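>>> 3D, please:
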Amino acid sequence: MAKIFEATGQLITSGLHPSLPDSEVPLWRDGDNIVFTEQSARPGLGQFPLFAFLDAGRGLGIIEHEIEYATQSLKYAFWGTRTKLWMGVDPTNTLGSVTPVDVTRAAGVYTGTRDDLWSIASFGTVVIATNGVDEVQVLVPSGEPNSALFVNLSTVSDLPDTFRAKLVAVSGPFILFFNTDNSNQEVRWGDEDSFATFQPASDNFARDLIIRDIQSDIRAVLDLGGGLAMYGRDQVHWVQFAGPPFFFQTDHLLSGVGAVGKHSVVAVGRQHYGFGPTGIYVTDGSGFEYIDKPSIHDYIYGKLDVLLANRVIGWEDQKQEMVFWSFPTITGIGETVGFNYRTGAWGKYGYYRTAAVASAVFNSPLLIDTNGSVLVQGGSGGVSGGNPIVLTTTGAFSIGYGYGGYGIGRYGGNYPTVEE
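Numbering: from 1, shown residues only. Okay, here's the model as predicted:
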């Protein structure tokens with residue numbers, strides 16, 4: 001029988017191109033749960049429950065954290081839902097547990113909505129969390145595994161109880177807040193090595209700045225080149241410690257790219273991959289390049305619910321050398337896409353996540369779904385007997401060549417299921 005089709009090498013790993021006309025698709029037009037890497041196309045990694053935790057409300061922000069205890073380091077996850085903050089201790093450690101701990105402030109639950117995502121940062125052993133609606137929260141470890149609760153920052157600092165901030169970040173020995181109740185363009189920082197002193201004085205480093213030329217609110221903040229990149233709607237500015245008398249200085253880096261939400265930009269090494277209002281791009285702070293056009297841009301932005309775009313979340317998976325974004329769709333559900341930053345291939349994935357963090361401590365990304373379940377991507381599950389969810393050991397393709405009039409019965413149609 002004559003061979004009618006063969007695909008090898010770069011053609012196999014060319015990724016999905018659902019936004020291209022069928023006659024221009026290199027090979028794969030569409031598909032689900034496929035990773036294109038190492039001269040192959042294979043199913044994406046599974047996701048396992050890390051904690052025995054369901055029906056707690058969608059995750060709205062998460063970080064990984066590590067605290068020294070006795071002769072070992074304990075791995076923690078801190079995350080927020082609409083009304084509560086939670087802590088989980090590495091369940092594979094003898095001091096850990098598959099049961100997470102409610103570390104919500106004793107003063108009462110939080111009042112944010114699904115759009116009030118949590119921004120969480122670690123400052124030494126201290127954890128700071130803010131949703132922009134309630135008072136900024138701080139947790140100071142007390143005993144191991146930690147037995148403390150979050151408290152209102154005003155109770156342990158000189159900030160008033162009216163202070164609000166949508167974003168928090170740490171740069172060196174400083175805590176910085178962004179997009180505050182004073183101005184959505186404000187940056188405010190505390191004294192050196194302190195989470196208690198934020199009121200400016202001649203004998204401290206606490207100060208503030210308003211970035212008036214950012215031309216929108218400050219939407220996202222990430223480490224970049226020894227400073228912090230601040231993303232607006234369509235601009236990127238940089239803030240860096242410069243010493244007395246002003247302590248922090250800012251520069252305008254880029255125009256033409258921005259962020260749709262707090263967690264829509266992902267740091268990968270010295271580069272940022274961002275989901276912006278007009279496209280998905282990569283930047284090193286000196287320039288940028290759109291990576292979604294033309295292959296997948298129309299597919300993503302045609303489905304994106306722009307009114308809920310602030311809920312877009314992204315994360316890196318180093319094992320798969322990919323950046324993923326989950327985004328809300330006009331269907332009321334949500335989808336996930338992924339970009340392989342080594343091969344340049346795009347993939348689509350049949351799940352939706354509402355919070356995520358890269359593998360800083362747990363050696364695998366941690367994700368949270370709409371029920372509040374914490375999942376580990378591509379690692380061992382913490383819950384005994386936990387089965388991988390959502391992703392299966394198979395994936396489905398459709399080939400673009402043939403849907404444009406070249407003959408569905410010969411070259412086009414569904415590609416056979418790919419097994420791992």
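
>>> Spit out the contact partners of the residue positioned nearest the centre of the chain.
Geometric centre of the chain, nearest residue: G314, 3.5 Å, by C-alpha atoms, centre = their mean. By C-beta atoms under 8 Å, 6 or more residues apart in numbering, the residues touching G314 are H263, S264, V265, V266, Y273, F275, V323, F324, W325, S326, A356. Glycine gets a C-beta too; all of them are placed from N, C-alpha and C.

>>> now swap in T278 and tell me
T278 is in contact with D234, counting by C-beta under 8 Å, 6+ apart.

>>> Spell out the secondary structure type for it.
Using DSSP: H, G, I helix; E, B strand; the rest coil, the structure places T278 in coil.

>>> Who is I128 paired with across the strands?
Note on I128: beta-bridge partners by DSSP bridges are A121, V138.

>>> Name the residues of the longest helix belonging to the chain that are buried.
Determined from DSSP state H, the single longest helix within the chain is helix 297-303. By neighbour count on 16 or more other C-beta atoms under 10 Å, the buried set for helix 297-303 is H297, Y299, I300, Y301, K303.

>>> Which is the succeeding secondary structure element to that helix?
Along the chain past helix 297-303, the next helix or strand (assigned with DSSP states H and E) turns out to be strand 313-317.

>>> so how far is that next one from its chain's centroid?
5 Å (C-alpha atoms, centre = their mean, to the nearest Å).

>>> Strand partners (parallel or antiparallel) of the following helix or strand past that strand?
Of the helices and strands lying after strand 313-317 in sequence (DSSP H and E), the nearest is strand 322-327. Take DSSP bridges as the rule and strand 322-327 pairs in its sheet with strand 313-317 (antiparallel), strand 335-340 (antiparallel).

>>> Point out the most buried one among those.
strand 313-317 (a mean of 25; mean count of other C-beta atoms under 10 Å).

>>> possible to save the buried residues of helix 297-303 as CSV with distance to W28 and pLDDT?
Formatted as CSV, the buried residues of helix 297-303 follow (distance: C-beta to C-beta, whole Å; pLDDT from 0 to 100):
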residue, distance to W28, pLDDT
H297, 16, 97
Y299, 13, 96
I300, 16, 97
Y301, 20, 98
K303, 19, 97
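
>>> on that earlier part again, CSV please, covering the contacts of G314 and showing distance to P91.
Listed next are the contacts of G314 as CSV, based on distance: C-beta to C-beta, whole Å:
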residue, distance to P91
H263, 25
S264, 30
V265, 30
V266, 26
Y273, 30
F275, 32
V323, 27
F324, 24
W325, 28
S326, 24
A356, 19
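
>>> what about V312, neighbour count?
26 (other C-beta atoms under 10 Å).

>>> Same check on Q72?
Neighbour tally, Q72, other C-beta under 10 Å: 11.

>>> Bridged to it, which residues?
Residues in beta-bridge contact with Q72 (DSSP bridges): Y69.

>>> if we can go back for a sec, tell me which two of the buried residues of helix 297-303 sit farthest apart.
H297 and K303 (11.2 Å; C-beta to C-beta).

>>> Low-confidence stretches in the chain?
Scanning the chain for pLDDT under 70 picks out the ranges 1-9, 54-55, 380-420.

>>> ok, now which ones touch the closest residue to F246 other than its chain neighbours?
Take F246 and drop its neighbours on the chain: the residue closest to it by C-beta to C-beta, 6 or more residues apart in numbering is R207, 6.9 Å away. Listed by C-beta under 8 Å, 6+ apart, the contact partners of R207 are R188, W189, P200, F246, F247, F248.
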